[in-house]
Each structure stands twice: as C-alpha cells, then as structure tokens.
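>>> Pasting the sequence and the predicted model now:
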There are 2 protein chains.
Amino acid sequence: MAEREIPKYVYYFGGGRAEGSGGMKNLLGGKGAGLAEMVNLGIPVPPGFTITTEVCTAYYASGNQWPQGLAEQIDANLARLEKDMGAVFADPENPLLLSVRSGARVSMPGMMDTILNLGLNDVTAAGLIRKSNNPRFVYDSYRRFVHMYSDVVMGVPHESFEEAIAAKKRARGVKLDMELSADDLKELVAEYKAIAREHTGRDFPEDPKEQLRGAVDAVFGSWNNQRAITYRKINNIPGDWGTAVNVQTMVFGNMGDTSGTGVAFTRDPATGENVFYGEYLMNAQGEDVVAGIRTPQPISTLKEAMPGIYAELEQIYHKLEEHYRDMQDIEFTIQDGRLFMLQTRTGKRTGTAAVRIAVEMVEEGMIDEKTAVLRVPPANLDQLLHPMIDPKAKVKAFAKGLPASPGAAVGRIVFTADAAEAWAERGEKVILVRTETSPEDIGGMHAAVGILTSRGGMTSHAAVVARGMGTCCVAGCGAILISEREKKMVCGDLSLTEGDWITLNGSAGEVIEGKAPLVQPELTGNFGKLMEWADKFRTLRIRTNADTPQDSKQARTFGAEGIGLCRTEHMFFAEDRIRAMREMILSDTEEQRRGALAKLLPFQKGDFIGILREMAGLPVTIRLLDPPLHEFLPTMEQTKQISEIASEMGVSEAKVRERIQSLHELNPMLGFRGCRLGVVFSEIYEMQVRAIFEAACELTREGVQVLPEVMIPLVGTTGEMDMIREYTVRIAEDTIKEYGVKLHYLVGTMIEVPRAALVADKIARTAEFFSFGTNDMTQMAFGYSRDDAGKFLAQYIDRNVLSADPFQSLDQEGVGQLVEMGVQRGRSTRPNLKIGICGEHGGDPDSIDFFHRVGLDYVSCSPYRVPIARLAAAQAEMKNPRKAPEETCCGGSCRKNCC
Amino acid sequence: MAEREIPKYVYYFGGGRAEGSGGMKNLLGGKGAGLAEMVNLGIPVPPGFTITTEVCTAYYASGNQWPQGLAEQIDANLARLEKDMGAVFADPENPLLLSVRSGARVSMPGMMDTILNLGLNDVTAAGLIRKSNNPRFVYDSYRRFVHMYSDVVMGVPHESFEEAIAAKKRARGVKLDMELSADDLKELVAEYKAIAREHTGRDFPEDPKEQLRGAVDAVFGSWNNQRAITYRKINNIPGDWGTAVNVQTMVFGNMGDTSGTGVAFTRDPATGENVFYGEYLMNAQGEDVVAGIRTPQPISTLKEAMPGIYAELEQIYHKLEEHYRDMQDIEFTIQDGRLFMLQTRTGKRTGTAAVRIAVEMVEEGMIDEKTAVLRVPPANLDQLLHPMIDPKAKVKAFAKGLPASPGAAVGRIVFTADAAEAWAERGEKVILVRTETSPEDIGGMHAAVGILTSRGGMTSHAAVVARGMGTCCVAGCGAILISEREKKMVCGDLSLTEGDWITLNGSAGEVIEGKAPLVQPELTGNFGKLMEWADKFRTLRIRTNADTPQDSKQARTFGAEGIGLCRTEHMFFAEDRIRAMREMILSDTEEQRRGALAKLLPFQKGDFIGILREMAGLPVTIRLLDPPLHEFLPTMEQTKQISEIASEMGVSEAKVRERIQSLHELNPMLGFRGCRLGVVFSEIYEMQVRAIFEAACELTREGVQVLPEVMIPLVGTTGEMDMIREYTVRIAEDTIKEYGVKLHYLVGTMIEVPRAALVADKIARTAEFFSFGTNDMTQMAFGYSRDDAGKFLAQYIDRNVLSADPFQSLDQEGVGQLVEMGVQRGRSTRPNLKIGICGEHGGDPDSIDFFHRVGLDYVSCSPYRVPIARLAAAQAEMKNPRKAPEETCCGGSCRKNCC
C-alpha cells in the first residue's frame, strides 16, 4: 500500500517571516492568521507556530488521536523555535517557555482554553531564576502555570486555587496578589501541586514535553466544551470548523514595573469614535486584564508612563488599521520595556460603532460606500433601534459603572444565569446582576435585557459578550455590593432584592432604581447616511406590518415603503367593539349577524381612514379577518366572563356556553379561520371590504392618495379565492360608484397553506398579488405548532437535528422550496404578479437574502426591523445582483412591479 | 359582423331511423341516446326529438335564455313529428300529445323532472274524447297533466293535489284512483286548475305551445334543484354536464285493460341472476310504477296476461343485451295492446349482481375477462363485504318485505331523513323507517345503515337508491304501520319507537327485533374468479393496515400481500400496559423511564410475535409510537381518573396534574408526537425496536420467515431520520447478533409532513422505504384539522369550493403533487426505493388509480377494503399500463421492488 503523504499540519512564524498569512483564517484560525500577517508586516511578535484547524477536525474524527506525523512536525518546529530564540525547551539552564492558545476561524472570546508559562518545573524554574535573577517573577509565572494547567488540562476546580491564594494573602496580611513575595509564591506552587494531586490522584506533570502534549489536547478538547457549544449555537458557528492551536514563545508582562500587558481597539468599539481605545495592567499577565480581577488603566495613561512604548503602539495600530482597512482589536505585552504584539483581529463592535466606523471610513477614503454597506451586520442595527432613557425624564442614577454596551433596559433583577433563563422563559424582562460574569453565564446573559456587574473593565467578559449580543450592559460598578447567595444587592442605603425593578443606561454606565421612561433614538447622521447608501443599492422593497396609525407613522420614519400586513382582528378587541363582535358570534341567523356587523362597520372604517391617511401615497395591504371566532369569546373555564357576556347580550349562560362549545377546536391552528370564515359567513368579510372601500373613497374625495390592497388569508384552493374575490370586487366597485371617485386597488391573497404554493399558478389567475405568510407556512410544512413546538424545538437544535429555529430564520431547504414554487408558478400565470412576504422572517437578514434571490418584490416586517431589512436587502443585492427595474420607480406608488 | 352559425340543437328519432345514436350520450343524454339507438335497431319507440345537453349548458350560461335558433329547430322537429304521427300539436280535432323528459349523461333516477300528457286543454281534450271515444282515459290523462305541470313547472305543492283527489275519493266512497269516473276526473281537472291559480295567481296555461316552452324550461331548471345537486355530489357528477330534454309522442298505458306500463331488467339487478326481471301495472302511466303508489305485478305474470306482448318484450330484451353486451334497464308502455319501448339504459345493480353478471357474461362468451374486471365498480364490492346475519344464529323476523338491497344492518330506528342525518352525525347507526321515500330523503338515506319502507316495490325510489348506495334495504313491508308524526312503528303486537334497535336482512327482506349477530360473507365463487382475474392484471401490490393477529389473518383471507401499517400505540392501552405507560410518562429521569419501558417490552414483543407469525412470508411494516404522550393520560376534567392514577402510581395528584398540564398542547396534531418523541425520548423507540427484533429473531429461530420493516413516523428532516435510523440499526444488529440468526429487515419512514416530500431526495439517503401518510399530509397541506374541519368542509362541498372531501378521496391536484414529488425525488437518490401509502386513501379507487399512475409499489388499506383495492389496481393498470416487472415476483417476499 502506498504511504499516504502527510499534510502540512504546522505553520511557523518568526524571524521576520511566516509560513502562513492573514488570508489563511480557515486553516490557521483567526489568531494564527493574524500573528502570521503581523510577522510579515514586520511587527514585533514572539515567534512560534500554529497547528492547523484541520488537525482539530482529524483529532475528533479519529476519536481524539493525533494524526500521524503531527508529533514529528511539532518537534521540528520546536527545534526551529529554540534556534530562533536561543533557548531550549525543558533545558535546565536556558529554558524556553511557551504559551499555548486556541484560535478558531472566528473569535469566540473566552470560550476556549489557553495555557501560559508552559515548560516550567522545579528544574527549569531554578534555571530561569539563575538566568533572570528575578525569583518573584519566576514563581509568579510558575504558580500561574500550575493553576492554569491543573484547571484546564487536569480538570481541577478553579476555586481550589483561588482559596489557596486567598488563604496565603490572609496569612501574610496582604490584599493583592502582587504583594505576595517570591517565597509566598514558591510555597503556593507546592500547595497547588498538592491540590492537583489530591483532586486527580496523579502527580502534576514535570516533563515539559508531556505538558505540551496535554495542553494541545486540552485546547482541542475545549472546542467542544459546553460553553463553546452554546456560543456557537447562539452565533450560528458550525461545529465542524475546529480550532487551531498557537504555540508561541512566552513573553512576560509580569517581570516587574517595566512589564505589563494590555488590550486595545483602534477605534472605540462602543461608539465607533476614531480614538485609540484600550486598557492595560502593569506587572501582569494577559488573563488578569480579560478576567476583570484587577481593574485596568485606560490606555491613554500609558502615554505618560511609557511614552516610547505608547508611540510604538500607535504606529503599529495605524499600520494594522491601514492594512486591514477595518477597526482592529489588538493584544500586547511589554516585557521589561520591550513591546510584543500577541494578537490582531477585526474588532467586535456595537451596532452604533459599526455604523459610525463604516461611515467615517468612507469619509476618510479608506473604504467605498458599497464596502461600508456590506460591513455592518444588519442584525446589529437592532442596537441602534433600542430604546433609550427619555432625555427629558429626570432620573437619578444611584450608581455609576462603565458604559460597557449601549442602549437602555428596564427589568427585574436576578442574581444567577439560571434564574435569568427561568424568569425570561415565563416572559419576564430581567436584568442579570453578577459580581462578574463567566462563560458559564452565557445562557442567562442571552436571556437578560440588561447586564450589570460590580467588577471588570470595558473588555471584561460581561462587556465583550454584551456588546456582541447587543445587550445593554453596565460593568465594573464597584459601588454595588452583590450577594448572589442572599439574592440581594446593596448600594449605600439602598437594598434591592430579586424581582425589584431597575433601569440600566448602558451608554452612560448608569444604574437607576425603578422603571425609567424609554424613548426611541433618532435615526439620523451616520445612520441616515448608511441607510441612504443601502437604499441606493437595494432592489427589494421594504414594507411594514402595522395595525394602527401610530405604528404606521413610526414605520414611515424608519423608511417603510408601505404596509405589507395590516391585521384587522386587533381592531375588534376594544371594549366597544368586542360587544358587537360577540353579538355577531352569538347570532343564529345571517340577518342577526349582519345586524351586529353593521355596528362594527363604522369602527373599522375609522381605523382604515387613520391608517390609509398615515400611509398616503404608499400601498397598504389589509388582511381580512384571520383568527377563529372562538378567540373573541372566553373559554369554558372563565365562568365570570361567561355570565357577564350572557347578561350583557341578554341571552342565557347556557347559550353562551353552547356557542363556546360548538366553536371549540382541537387544533385551532388548522381550524375554522381565515378565508374559511369568508366562505361560510361571507357577511363578515363583506362588512370589512365595505369598510375598506368607504374609507378609501372618502380619503380619495379629500384628495389623499390611497392604494388599498385587500388580502384574503389562508387561501388553499382556487374555489376560495374566486368566491371571495368575486364579492370583494363587487362591493368595491359598488362603493367606488356610490362615491363617484377613481380608485386603484388590488385583491390578492396570502400564500401560507402549503397547498396554495402547489397550485399558485391557478390561484394567480384571480389573485393580483401574493404575500407569503411564512409563519403559518412553516407551521404547516414542518407540522410544528408554534405554540407547542417549544417542547422539543430547543432539543432539536441542541442535538443538531435542526440547525436553527425555523420560526426565526426561514427554513430555506424546505419551506423555501414552497416559496420559490409559489413565486415561479404564480408568475407563470401572471407575469407581473406582485409578490411579498409578511411575517417574522421579513425582518431576518438571512431570510431577506433568500427572498431577494427568489425574486420577491418586497418584504414586510415590524416597524423596528425596517432599517435592518433595508440594509439586509442592500447586502443581498450586492451578493446576487438583480436587474435594475427598467423604469424608474416612484418609490411606492407607481404601481409598477417594483412597488 | 359575420353571423354565427347556429349549431344543431335538436336530434330527431322516429320513422325507422334516428339522427342520433347510442354513442352520443354526452350530447343527447343517456335516455336520448338509448331512444335513438333503439330506433336504429328497429325496436318500436314513440317518435320524438332530443334537445341536447349543450342547450342546457348554454341556457345556464346565458341566465336562463334559450339560445338563438332553438325555438325554430323545435318547431321544425315538431312539424316533422306531426307528419310522422298524422296528428297535430294543439289541434282541436286530432291533437298530438307529448311527453317531456329529462335525460343526463348518466342516470339520476327520480332526481329531475318529467311532464307527461302535454298538449291537453279543454279544446284538445274534447277532440281527443271524440277521437278515442274514451272520456275516462282523456280526463285521467288531463288531471295527471294539470297536476304534474302545476307541480313541476308552476311550483304548486304536490300535496294540494293529493288532498284534492283524496277528498274526491272520500266523497265518492272509493279507495283507488282507478275507481273514479270520467266525470269525477273532469271535476278534478277544474279543481286542480283552481288550486294552481290560487297558489300562483296565474291561470293554468291553455296554450300547448306555452305548455311546451314551460316544460322544457322546467326540465332544464330541474338540473339544479336541490335533490339533483345532492345526488350529483354523492355520486361525483360534475355540475356543468347539464341535461338533455326528450320531447316524445305520448303513448298511453292508461287507456284501459289492454294498456299498461312497466320497467324491467334483463337480469336480476339484486342478485345478478340471468332472468328477465321486472314489474308492470295495467291501466297506468309510468310514474305510478316508479313512485310505488300501487304495488305492481311481477313481470312473469305478464306472460300469462298478454303472451304476445311478453314474447315481443323477451325478444327485445335479448336484442338489447346482445347489442349492448351488458344488463339493460328498460321501460315500456303497452297502449291498447301495442308495445312501445320508452327507455333502455345500462341497469344499475348491486355489487353482488355486478360481480355475477360480469363473471357469467365471460362464461357466456359475451365479454372477455378484461371487460369483466373493468365493468365492476370497485366501490360496489363493498356491498359483498358487508356483514350478513350469522346463518347459525336463530333469529325470527317479525315482518317480511321485499329484498330490495342486499346485506344486513343493525341500527336504531328513526322516522325522518333529518333525524337520520342528525343521529348519524353523532355516531349512531340508524335505520331509516319511512312509509315510502322520496328524493327529498336522499341525505338521510345516505346517513342510514339500512332503509325500511312499508310501501313500494323493487323499483321504488327507496329500492333503487339503496341499491345504488350499497345500503341494505327492505321495501314494501306492508305489515308495518308507520306513524312518522308519533315516531312509532307497529306490527301486530309489537310497537317500536325512535331509538329502538332492529336488524334488517336486505337479502331476504326480513325485519328482526333487536340486534342480530352479523358475520362476514365468504369470498368465493364468482367473487373469487373476478379477484383472480384482477390479480392477473394489476401491478400495484395491496397491503393492509392491521394492528392485531386477528386483523392480519382477516386481511390475508382478503388477499393482502403484507402489512403496510401496523400501529403500535393501540398496544399500550390494555389495562396491564397503560399502567407501565403512565409510569413512564410520569417519570422524571431517563432511568425511571427506561425502568417503566422495560415492563412494556415483553408485551410489545408478544404482540409482534403474533402479527409476524400470522403474516409469515409477507412484509410487515411496523410504525413506531406516533401519538403525543398526553393521549395516555386523562384530561384535567377527569378528576376521578386523575386520583386513581395518582394512588396507583404512588404519586401526588398534583404531580399527575402537573404532568397533564405540561403535556397539554394547543394543537396536538402539530405537537410533540411521532419521531419527535424518538428524538427527545429515544428510550421509547429503543424499547420498541428491541421488541420488534427480539420477536423477529425468535420466530426466525423457529423457522418462520419474517420480513419486518421499521417505519419512523412524521419525519420532516434528515436529522430526525438519520438519528433514529442510527440507533434502530444498532439495536437491530445487536439483537440479531445475540440471537445468532440471519434476518433481512428495512428501516424507512412515513412521508406525511409536507416538508418531507420536499426533501425526499435527502431523506432517501438513509430511508430504505417510504410510506405516504396521506391523512396527515392532507391535514397539513390544506391546513385542515380533520377533527375540526367538519365545521366548514360540508359547506365547502355544498358551495363547490371543493369538489370532494379530500379526506375521502386524495386531492390529486394539491396533495397529489407532494406525493409525486416524494416519489420522484426519493427515487432520484435511491432508485429501488420501495414506496407505498397507508391511510384511508389506500382503499379509495380514484386514489388508487392515482397511486398507480405515480408509480407507487403498493397501497395499504383496511382489511375490508383489500378486495376493492385489488380490483381498483387492476382497472388502474388497464387504463395506464406500467411495465410488467422484469422478473417474476414471489408474491410478497422476494424483496424485489415488486413486493
């Protein structure tokens, strides 16, 4: 058998050049590619080598075995490194120490493992002391190593070491780790090793080679730890990408007062302001900054403390930003007055920052408008659309922390991630309050509307994760004392317990007692510019789902080009209306029903006047009654309501009960609703149609341009469409004639029943437009009741049976086929058929990209998603350009296919 | 503008030749085509002409207007008729009288209107008296005409005339119409006209031309009367076919003792026996026979009474049967000793008769086997498969009537069609008891399991309709006095009221008190021969749905070639099993669940051993658990059961309630069921799979050939299929290894979720077979909950929004597309994918034809539908031949694609 050629598993960097480069993220991971690129750019980086992500994949595929040849390639690269560094791994006199870090294709901050100071044992420590003449530094490094290795590789609980060091500090009467002496630290090393032995029954490995092998395995293993899996699920990162392992010469920020370590961003990641932004700690190693144990210094103070280093840093960050043409997130270490860069990557940023950076980089000539539009993830705009505390409201913060993630949030406080998830599950808005957060808290952080911590800086775990999620966060609010055990937080005289309401202002770092009033942000300035560019590129129109004049107005300010879904059922719930509605439902004859409906007509007409006026000049799609009639009656258990209705209506309770019983359905989702009502009780739809056209005609008389589109819900057969269209058109024409006006209108249908997509060619014979109802279509295509699927859907995603919740992002593989079929078949009969989609998917960027590709004319989403949809539509056009409309469109009212 | 050429609207027959022929049924209607054909065969037929069905269609299309040129064509044909008959329409001295009858493409007995004796008024009546010298005959014809015309054309209630004639008979002290004198009848004519004037405010039309026009319009109008619409709906006759109108010289059976009228069949329509079979009445007109007002004489007595006429009739019927090569239903009138044929058509027959006639005609050399197989409507076999009264049971009839429609039925008596429908709606089996039935009763007759009348013969309305429906019927049971008003029937000392149980023996004409034991008929003799021929032709395999060894055995005797659906959930409901099932559901941990499931395993295994043994040598598809778990618990309202379960299980009632609550679903049809259980609680399916394979391996050891096919329900994604298949195969292989046997098995899925059809190509990567679950697929494709759709489905069919109930006959237009897609896509990945369908549609002939066409390997239906499916499959093959399998199939176990 021919021997298989062994692939290149390891890429070296150092000595002024690297085998890899910045474009090799998939193979080397983000960190490895960044290190290689910096080396190639001549930036000072401690030399080392990267084990590729392919090794990780092979490792899992073979049941946690190293692929053949990997050990040899590591040895060869280690030898090269020893030669470059003039030090030898495991050498008693001149030992080389290493850092071993994970690095996936995309950054997963804090999710995977790192081991620093690797290569230390009693012998190499002694050698290093001899060489450095700095025993405190060596034992500090040694105790860090034993702690970290025992935790990460050997699985010894973190807390054991924390307790040991705390006891040591108490014994020595000191407060900070830095105050412990070399001897103290030496003792700690021995104590740590004893703890490790006690927990694992094994001695701490003294052989550096064994240490290295264990560390590499641990990094691979950390790809599949629970918090990494959770993070990937939330961020839609495939589980088979794997992580690279970066083995790098150790540089030391803990060598004393001329050493330090820090992280920085080339622009402000919260606001996007073009300032160098970051934090550092002197005499520390990297994890001290990230973990938020000591509160670090702002980077600006480094200018004074170490002006040379600061100047070098500035030069490097400019070079990197110029090179990458994007904001960078960098890590550095100063070892005894010498600067080393440990990482550069595209910096995570808030939505606000993303917009500002993109727009300003265009203004600075760094990127073009198209790049700017492509660079802002549409979902991140959500943050800009979050409510803020009303500036006119007089609120007083009882505490101030760091403005870690902008926006404002009002919620009830909880003290554990589990509680946050549980409360959120039952519909509560919660603010997660923690001393500091850790990756284990990720689920709870996701569930919370806001996050508050008493410790940690702007780059602490809480801050980084919250910004990524777009969740408002106040971090490092030291004035607050938190007792997670007692479910209590105290700030001066104020004491709050679980369930109490607070408000966070993540933009100002303020914490406010109770519920502050929130307002919407203005969508101007950079945001407006970006939206303008997006609108220039996109071909997909964006409408909104709105049931009231208020929503319509709001949506228009967000740029909605019409209403794609105006639900009429909500209009029946107001007290004065529900009475007539119930009278209608309790009627026994068509005549009685028509009598009750006549009372509803003026209300409906008024509603439509309000909405049509607000949307003057833009199309408004009005959906006829959709829910089953029993939704307007109480349930059998609501005995009090039943007797109220009976006396109000002047009928017996038995009669009310009998009607409730007869309307009861086993599967209301698949029941007597939608156009089925319009077939059996045509008088209901007839009233609605009359109300629509009376409203439209009155406004037309006034000179208001109205473009009503009547939408028949839940059509599955041509029989339904034809019958309802027939009387709709008849009433419309009669009304238009009565008013003696000219009015353009359309009659179309929702395509939501799977059968409708299958016979779309036939339905399009009489339907003038389609609007896909992908919510219901998803329910029926999968056979999932949205109300009930919670019982298994989470587990489906956990177990990878589904890659995403199909109610959040359109199932393109399945439901998408029905949409595509509906479009193609519908247009095969009626080439100028106007086609849109109204439903949650209309505001989801991935789904919008799909709708663009299959040729929809518009998507309709909730008002607050409109800007997101505009941006997503622009990006979709850039990825898959469609022909520009042959004629210019008026922007919503020319009634060509474009609007 | 060029004048449109006027089509030929009217076809003449008479004078030894006809313009039409027997093949022109679509244009001339069945009656018109039959009359033309008889004329061409030289059979005596009163001359006349047929107005085509196209005229009817044009009439409706133009808002009840006669098409241009029709009046002229009628006049021309009338002139020709006058010439041929030597009499003149409306002539005072020598008047021609006409009959005006409907005639659709297919027979709709009693559903549409007829007007006889048309052309009479006081002047023509006087002329006819002078000519015939028979005033009684003339006034009898005249009063019949006024009655019929007023009822049918003018809309005067039938009862008014019945009351008038009854009053006249009382006044004259006579019992029968025949006993009234010419003067009495003359008075009645005047009284009838007064009644008509009173009801309509108009004079009865004296002008024969006006009479004719009114009659033609009325016949057209009767196409859309309510009972015709209902009949068409039940029999799937399109509403746009229209009816022809036959205008024919009137011949008179009421001219005295040498006149009469009758109907006959060339073979016995109930049993199929090759005898001339029929009834006649002397001195009567046609409607007297059909309406069942006087009980007619058997045709055999005519041989003695009028031997010449009888011989002529015999000659004619042989000629017609030879000509049509099928059993004929004929109508004749004897006018003063001269025979006229008024109709010939293919005779309706029971399923039993259809089978016997088809088989015997093959034996007589009249038709070939293929024709015989094509000639029996598969649905009619249902009648042969109906239960019979156990011959060993000692039952005593309390009354005897005519054996009008065979089979036996046990049900509760009701006295109105409305009651029959209402009781049947709530699940009661009812027997409709009526003095005589009328077309208005059609809905109730359909709802009843049996029909009993006290008046009327074998060709009465009740008898004809019941045979057509395959409903058991005893007609003309004169010993029973029925009071429909008092809801009571009395027979001697026995008095029964609404709701009492009786048994009908429709084959013997017997009525039995209470519930008699029923048994299944033997499927041998003619039936066996027909099935043998069907099996020779068909390529589609027929399996059965069976959950027990008993059902399996029954289905095998009916010719099932395997089990296509063995549901496993029914096995959990026996008392000893439901306990363990509930224990499982109330468990909190997987371990507890596995403990409870271990108790269920021996039961399941025993069930599978029984079924697999019964089906030795044939494939058995076993579906893993499908319903949601809450089906195994009581509802919240069943407080007694809750407390029983709690004490039995040793848990608190609160715990039971909590579990019921947490399992509650808003839309259980779309809930946590099917393979969703197998993903989340894999231990349930694991137990079932183990039970299947332990059973299969034990039987294999015994030497029984078993062919298990494990079917995963409700799969919608490849993730579900792959995950469940993985552990199914693992457990199967482990078990096979443990037993050390060789076993062939398949793992496949149901395709019922629409999405599954859309991604069938991907699912087929791991699924070895598909079985379409078209019940659920219909629910999801339409968005109709089968449990709830009753609220609108009937109205959908009434209003022609749907042409048929999609749960009874597959919706080929919509759901059929999904089936076809599933077949094509599935086989694109796995060309030898075995594909079947299990569900109600598997026993529906139209659906079977579709499944044959799209290339399914088999259909699976309930045991009693298996013969129907075999016949339908044979007919499907004849209509659309598929390639015969290249190699001979073993008949169900060779595991080639054929079985």
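All right, it came through fine.

>>> low pLDDT regions in chain A?
Scanning chain A for pLDDT under 70 picks out A:1-4, A:290-293, A:459, A:468, A:470, A:522, A:883-899.

>>> Now with 50, please.
A:1-2, A:885-889, A:891, A:894-899 (pLDDT under 50).

>>> so what's the residue at minimal distance from the centre of chain A up against?
The centre of chain A sits closest to A:M469, judged by C-alpha atoms, centre = their mean, with a distance of 4.7 Å. Applying C-beta atoms under 8 Å, 6 or more residues apart in numbering or on different chains to A:M469 gives the contacts A:234, A:405, A:445-446. Backbone N, C-alpha and C define where each C-beta goes, glycine included.

>>> could you measure it against chain B, distance?
As judged by C-beta to the nearest C-beta, to the nearest Å, A:M469 and chain B stand 27 Å apart.

>>> Around chain B, pick out the residues from the stretch 651-800 of chain A.
By C-beta under 8 Å from any C-beta of the partner chain, the part of the stretch 651-800 of chain A that sits against chain B consists of A:665-672, A:676, A:679-680, A:714, A:716-717, A:719-720, A:723, A:752-755, A:758-759, A:776, A:779-785, A:787-789, A:791-792, A:795-796, A:799-800.

>>> Residue of the stretch 151-300 of chain A closest to chain B, please.
A:G239 (13.1 Å; C-beta to the nearest C-beta).

>>> residues near that residue, how many?
14 (other C-beta atoms under 10 Å in any protein chain shown).

>>> ok, it touching A:R232?
Yes - if you go by C-beta atoms under 8 Å, A:G239 and A:R232 touch, sitting 6.1 Å apart.

>>> quick one: the helices in the stretch 451-600 of chain A?
A:461-469, A:525-537, A:549-557, A:575-586, A:590-614 (DSSP state H, counting those that start in this stretch).

>>> Please disregard the earlier target; I meant the stretch 751-899 of chain A.
Under DSSP H, counting those that start in this stretch, the stretch 751-899 of chain A gives helices at A:754-758, A:760-763, A:774-782, A:790-798, A:815-829, A:845-853, A:866-879.

>>> Which stretch among those is buried most, on average?
helix A:754-758 (a mean of 29; mean count of other C-beta atoms under 10 Å in any protein chain shown).

>>> Now the stretch 451-600 of chain A against chain B: closest residue?
A:E590 (12.8 Å).

>>> Hmm, A:E686 and that residue touching each other?
No - contact criterion C-beta under 8 Å: A:E590 and A:E686 do not qualify, at 10.7 Å.

>>> Look at these two and report which has more neighbours.
Just comparing A:E590 and A:E686: by other C-beta under 10 Å the higher neighbour count belongs to A:E686, 20 against 11.

>>> Can you get me a residue count around A:A228?
24.

>>> swap that for A:P831, please
A:P831, neighbours per other C-beta under 10 Å, totals 9.

>>> Next: the one 3 residues further on.
The tally of other residues near A:K834 (other C-beta under 10 Å) stands at 25.

>>> contacting residues for it?
A:746, A:748, A:768-770, A:857, A:897.

>>> Closest to chain B out of the residues you listed?
A:F770 (16.3 Å).

>>> Identify the residues contacting the closest one.
Counted by C-beta under 8 Å, 6+ apart, A:F770 has contacts A:748-751, A:760, A:763-764, A:822-823, A:826, A:833-836.

>>> Ramachandran angles for the residue of the stretch 151-300 of chain A closest to chain B?
phi -80, psi -10 (degrees, to the nearest 10).

>>> and the angle for the helix or strand encompassing A:I684 with helix A:590-614?
Element membership of A:I684 [criterion: DSSP states H and E] is helix A:682-702. For helix A:682-702 against helix A:590-614, the angle by axes from the mean of the first three to the mean of the last three C-alpha atoms, to 10 degrees is 30 degrees.

>>> same for the helix or strand that helix A:682-702 is followed by, what does it pack against?
Note on helix A:682-702: by DSSP H and E, the next helix or strand toward the C-terminus is strand A:707-712. With contacts taken as 3 or more C-beta pairs under 8 Å, 6 or more residues apart in numbering or on different chains; DSSP states H and E, strand A:707-712 sits against strand A:619-623, helix A:682-702, helix A:718-739, strand A:746-751, strand A:769-772.

>>> any chance of those in a markdown table, with distance to B:R455 too?
Output for the helices and strands packed on strand A:707-712, formatted as a markdown table (distance: least, C-beta to C-beta, whole Å):
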| stretch | distance to B:R455 |
| --- | --- |
| strand A:619-623 | 57 |
| helix A:682-702 | 43 |
| helix A:718-739 | 41 |
| strand A:746-751 | 53 |
| strand A:769-772 | 58 |
